[in-house]
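Participant: fold the following for me, if possible:
(2 chains)
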Amino acid sequence: MTPTIVLPVVIGGLYAAGVYLLLDRSLTRVILGFILLGNATNLLLLSASGPAGLSPIFGYAEAEEMSDPLPQALVLTAIVITFGVTAFLLAMVHRSWRLVRQEVIEIDEEDRRVAARKGTDADDMDPDDIEPGRLAPQDRPAGKGNTLHSDVDVEEQLAHRYGEFASDDVTLPPTRRGEQ
Amino acid sequence: MIGALAPLPVLLPLLGAAAALLVGRHPRVQRAVSIAVLAGVVGVSVALLLIADAEGAAAVAVGDWPVPVAIMLVVDRLSALMLVVASTVGLGVLVFAVGQGTADGDEETPLSIFHPTFLVLMAGVSYAFLAGDLFNLYVGFEVLLTSSYVLLTLGGSAPRIRAGITYVVVSLLSSLLFLASIALIYAATGTVNLAQLAIRLPELPDGTQLMLQAMLLIAFGIKAAVFPLSAWLPDSYPTAPAPVTAVFAGLLTKVGVYAIIRTQTLLFPGGALDDVLMWAALATMLVGILGAVAQSDVRRILSFTLVSHIGYMVFGIALATTAGLAGAIFYVVHHIAIQTTLFLVAGLIERRGGTTSTARLGGLATASPVLAVLFFVPAMNLAGIPPFSGFIGKVGLLDAGIAVGGWQVYVLVGGAVVTSLLTLLAMSRVWTRAFWRPPTQAASADTAAAAARDAGPDDGAEDDPAGGEEPAEEPLPEGLAGGATSTTTARRTGRRGAWQRHVAVATAAPAGGEGQPTGGANGSRPSTRPLPAVMMAATTTMVLLTVGLTVIAGPLYGMTTRSAGDLRERTPYIEAVYGAEVGG
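Facilitator: Numbers count the residues shown, from 1 in each chain, chains lettered A, B, ... in the order given. The predicted model follows:
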């Protein structure tokens, strides 16, 4: 029953990779990052039980030789919760893709429009009335400006090209449409 | 007695949620079930509060395990008081939602999902208040958060999904932090039971204690929306349906505040991070209220005041005196009721005026005097105008602060007063714009805005690289530009469509505008829908309850002082856990 170096290294690596992915703007990577962080945390919880012992089954091992069963119970619960929430998050990202053909974290436009008001006439203006053209390109919501550069260009173009389609289409529009 | 009652606030809503799912095809039965269940929870909570106040804290070990190992439910004055307030507010919001659902034909909130999810949310809130160990606190948080994800994204329209993703990712991050700190605490002490932790944690080295405390504080700080960790809240709350925003605003952040109170007093009474909390409280108050003053949408103003007033509670906690804690607990009770009520009123304003933007609203005081009163009373209460409970809570906190003394505290007291004044400013701006000014002003501004929007069909394309070349509405000569032009125009109309959809969804009618841009824009014009009686009745009752808090402020403040005394002493909680009834 000696402590292992493998677990801390794996936990650290998972945390690093998870945080890196979580900071990305692409929601798919955010989900992957969240999964990694969740696994890292579960491993951390598991390693909190100390060095590994025999299975904590009554009659199978002596009490001193068992590994601590409580963290295992906690980890099981945590795994179930993480799993369920990940599924929900995936569904939301899918929904976001179907609605705006965009799976990056979008800009809070209301906020940008409030910020874009002139100080003098802020009281007389309704943020809703500021046309999107007045905002800097990176401040515009998805589909109305170049929110990101190169790596989401494909999504951008798709969002532009299919903007006039009702957003709830179940099937994707034909891809060769632009050539006619 | 406690053994039979304590699990009920969790069990009843969970079983009720199952029942509500089963009868999902019969909306009437479903409504009756969920209202009856929540009314039952209110009754049980009141009974628990009376018992806890008379006999002190009590604990139940669920599942027949010996005490430190078992899952503990602990009822002390603080948790019982929170239960009563939370279930009452939940019931009020549910009745409001039923009224709204009946009036709208349930377009906005798919009823078969709404009621079970709402009940699960209430179960999670109750569980978080009752949990006697850190891991079950985590489970309670997850239960309430998971159902809040569903409620926030009800209907799945684009703005709600956008706001929902921010909310979900931030909440998940805080949950993971919480779980990681549980792991570290277990590794350091070998237990997650709060009472046992209260005994074992002081034996740890100071540095370890400080790290564990900081991790828990960050995790709960995100949930409670304390300043550097609060940016997610005003972004995600305003898009949800009115009853959902109301219950979120009232309850979810306060569960975080409750967790901070519990862990600060029970686990880390040394006060190592009190200075940090103090400055966080000041920043929360000021940044939040400045945000509110800058906004022009009623719901967003309210979301920012919500963040701002969390600062008052954190201030009370940071003082770490009995008077400070008592003030903080009183303020939590007051703020749960008042913020929920104000969001419900915002829902009514949206129905009556067709929008929540203060630039477009106008003349509501003449159009609907009752609504004006319903807004005015809680708004003044929030700002802390003398007779109301907001004033009493603030005076209690300031009093506690001055009793402690020191320049830091005086700065905070000053900040609290400024925040109160700015709240009054934000509220009175809503009042003068939405209620007092003649409707003609607002209407003209509105038509001007509409005209501006209709006049410039290619406004949106102005700094598009291709946008300079054409007055696009003129028919272009055939064959001049061919395919290229058709794609640019298609792109532009698509963009305009998406924009108008967004405006429609963001301002008023979430269901109407998708697909047809013009229909959506029309949907956001001020409508004169009459206010349904049930919604009015629910809101009126909530307003009366907030006024009632003022009436019973004396006994209530006495109770919060007693519970603050318990918290500072710590022994009642620990003794209750070790002398717990087994069973239940």
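Participant: could you use CA atoms for every contact and neighbour count after this?
Facilitator: Fine.
Participant: quick check: domain ranges of chain A?
Facilitator: Using automatic domain parsing, the domain ranges for chain A come out as A:6-53+A:68-100, A:108-135.
Participant: so which of these is the most surrounded?
Facilitator: Of the domains of chain A, the one with the most neighbours on average (mean count of other Cα atoms under 10 Å in any protein chain shown) is domain A:6-53+A:68-100, at a mean of 19.
Participant: in the helix or strand B:P378 falls within, what's buried?
Facilitator: Taking DSSP states H and E as the definition, B:P378 sits inside helix B:369-383. Residues of helix B:369-383 classed as buried: B:371-372, B:374-383 (neighbour count, 16 or more other Cα atoms under 10 Å in any protein chain shown).
Participant: cool, and stretch B:415-427?
Facilitator: For stretch B:415-427, using 16+ other Cα under 10 Å, the buried residues are B:415-417, B:419-427.
Participant: hmm, that stretch touching chain A?
Facilitator: No. Judged by Cα under 8 Å from any Cα of the partner chain, stretch B:415-427 stays clear of chain A, getting no closer than 12.1 Å.
Participant: what about that stretch, distance to the chain center?
Facilitator: Its chain's C-alpha centre and that of stretch B:415-427 lie 20 Å apart, by Cα atoms, centre = their mean, to the nearest Å.
Participant: confidence-wise, which helix or strand of chain A is lowest on average?
Facilitator: The element with the least model confidence among the helices and strands of chain A, by mean pLDDT, DSSP states H and E, is helix A:153-161, at a mean of 57.
Participant: quickly, which of the domains of chain A bottoms out on average pLDDT?
Facilitator: Taking each of the domains of chain A in turn, the one with the lowest mean pLDDT is domain A:108-135, at a mean of 57.
Participant: columns distance to B:R200 on top of the domains of chain A, output as TSV?
Facilitator: Rendered in TSV, the data for the domains of chain A read as follows (distance: least, Cα to Cα, whole Å):
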stretch	distance to B:R200
domain A:6-53+A:68-100	16
domain A:108-135	45
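Participant: mind checking which of the ones you listed is nearest B:A80?
Facilitator: Go through these one by one with Cα to Cα and the one that ends up closest to B:A80 is domain A:6-53+A:68-100, at 26.7 Å.
Participant: local confidence estimate at B:L397?
Facilitator: 91.
Participant: close enough to count as contact, B:T355 and B:L348?
Facilitator: No. Counting by Cα atoms under 8 Å, B:T355 stays clear of B:L348, with 10.0 Å between them.
Participant: any weak-confidence spans in the stretch 351-500 of chain B?
Facilitator: Screening the stretch 351-500 of chain B residue by residue with the criterion pLDDT under 70, one finds the ranges B:440-500.
Participant: what parts of the stretch 51-200 of chain B come near chain A?
Facilitator: Proximity of the stretch 51-200 of chain B to chain A is confined to B:135, B:142, B:146, B:156-158, B:161-162, B:165-166, B:168, B:172-173, B:176, B:179-180, B:182-184, B:186-187 under the rule Cα under 8 Å from any Cα.
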